[in-house]
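Student: sequence? don't have it. structure:
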């Protein structure tokens, strides 16, 4: 099951998934049919049943149906968002898609209306920097209006997401093998890879990732440190051109595997956010051969992948060093992000 952009007319409105939306909004079916030529992000099972639906719309005019009203301006409206919860962090994947869409469309503000009884959904929005700015009253009832400014003053790594703060934090290059890279970072998929390798699992859907490794130096990571993710070669051509930097993340926490009091605690920490299977985690726990465990946020996916050739020949990175994990300067991180066509305003001092 993968996230797809589909026309409304190609989505089955009769799916039971939409029943709750029809009950909550009496005009929903009529609205849905009017949108036949518009597109939405949809999660579907192999049998075609809908598990997630996200409709986004760029607006320019005043928003007069909320209190207080919003003045004219370019903003992104979350028109419809619903997820069937089944433990795979799909809600976080939608939050990332919303914010990525806002950045791509150059909209500074994102807003959504939601009924107060949807507490889990509201908590999800609040976690990533949305705040209540008003209410909306219709025949369907009173909804809260939540909004996020993409470039709001940086407060912390969660509310400030996707902003990346330099400050006194260190920056590093971190390499991932291809088989782990795309499962963990689905929005950084390469053009020659197949979407079907991105599964509906929590490690792919979540903004937060956990990785285990034994690479020297990783144990120096601290909260707030920055990671440029480097996908190693797939051996389908020279590594000089097949190995690429793809994205930027922010470290949330580093732990040694020996810091976990039990296997159960280790599994609770790793399983929701790692690409590794239960059998692999069991082996890692028993052998202890991948002792460095760290959690990081998946902040910025590059629009253009930056090849090893570019990193060495144009940006001056040392060709003969160990490329598994090494420190880079803030200037090098910014230069890599610039080559990756990342909006420079998303990296703050």
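Tutor: Happy to help now that I have it. Computed from a predicted model, the values in this text were never measured in an experiment.
Student: please enumerate the helices of the chain.
Tutor: Counting by DSSP state H, the segments of the chain that form helices are 19-24, 28-34, 90-104, 119-127, 178-184, 202-205, 239-242, 263-270, 278-287, 308-313, 330-339.
Student: and among those helices, the most buried is which?
Tutor: helix 202-205 (a mean of 23; mean count of other C-beta atoms under 10 Å). Heads up, the C-betas are built off the backbone N, CA and C, glycines and all.
Student: which ones are touching residue 125?
Tutor: 95, 112, 114, 146, 148 (C-beta atoms under 8 Å, 6 or more residues apart in numbering).
Student: quick one: the fourth one from residue 61, how far?
Tutor: In other words, residue 146. Computed as C-beta to C-beta, to the nearest Å, the residue 146 to residue 61 distance reads 20 Å.
Student: so for those two, which sits in the more crowded spot?
Tutor: Set residue 146 next to residue 61 and count neighbours by other C-beta atoms under 10 Å: residue 146 wins out with 21 against 10.
Student: show me the contacts for the residue in the chain sticking out farthest from the centre.
Tutor: Distance from the C-alpha centroid of the chain peaks at residue 139, with 34.7 Å (C-alpha atoms, centre = their mean). The contact partners of residue 139, by C-beta under 8 Å, 6+ apart, come to residue 26.
Student: kindly recompute the last result at 10 Å.
Tutor: 25-27 (C-beta atoms under 10 Å, 6 or more residues apart in numbering).
Student: could I get the average pLDDT for stretch 97-114?
Tutor: On average, the pLDDT along stretch 97-114 is 93.
Student: same question but for stretch 18-38, I mixed them up
Tutor: The model assigns stretch 18-38 a mean pLDDT of 96.
Student: quote the end-to-end distance of that stretch.
Tutor: 17 Å (C-alpha to C-alpha, to the nearest Å).
Student: before we move on, what about stretch 44-56?
Tutor: End to end - C-alpha to C-alpha - stretch 44-56 spans 18 Å.
Student: and it, how far out from the chain's middle?
Tutor: 18 Å (C-alpha atoms, centre = their mean, to the nearest Å).
Student: list just the nearest of the contacts of residue 139 to residue 159.
Tutor: Set against residue 159, the nearest of these by C-beta to C-beta is residue 25 (29.2 Å).
Student: surely that closest one meets residue 140?
Tutor: Yes - when contacts are counted by C-beta atoms under 10 Å, residue 25 is listed as touching residue 140 (5.4 Å).
Student: between these two, which has more neighbouring residues?
Tutor: Each of residue 25 and residue 140 has its neighbours counted (other C-beta under 10 Å); residue 25 has more, 17 against 14.
Student: which one of the helices of the chain lies nearest to residue 10?
Tutor: Closest of those to residue 10 is helix 28-34, at 12.2 Å (criterion: C-beta to C-beta).
Student: so where's the stretch 51-200 of the chain shaky on pLDDT?
Tutor: 86-88, 180, 182-200 (pLDDT under 70).
Student: all the strands of it, residue numbers only.
Tutor: Counting by DSSP state E, counting those that start in this stretch, the stretch 51-200 of the chain has strands at residues 75-83, 109-115, 131-138, 141-149, 164-165, 171-176.
Student: of those strands, which is nearest residue 8?
Tutor: strand 75-83 (10.2 Å).
Student: one step back: which one of the contacts of residue 139 is nearest residue 257?
Tutor: Nearest member of the contacts of residue 139 to residue 257, counting by C-beta to C-beta, is residue 25, at 48.6 Å.
Student: re the thing from before, redo the helices of the chain as CSV? Include distance to residue 228.
Tutor: Formatted as CSV, these follow (distance: least, C-beta to C-beta, whole Å):
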stretch, distance to residue 228
helix 19-24, 40
helix 28-34, 42
helix 90-104, 18
helix 119-127, 25
helix 178-184, 13
helix 202-205, 20
helix 239-242, 17
helix 263-270, 23
helix 278-287, 25
helix 308-313, 9
helix 330-339, 6
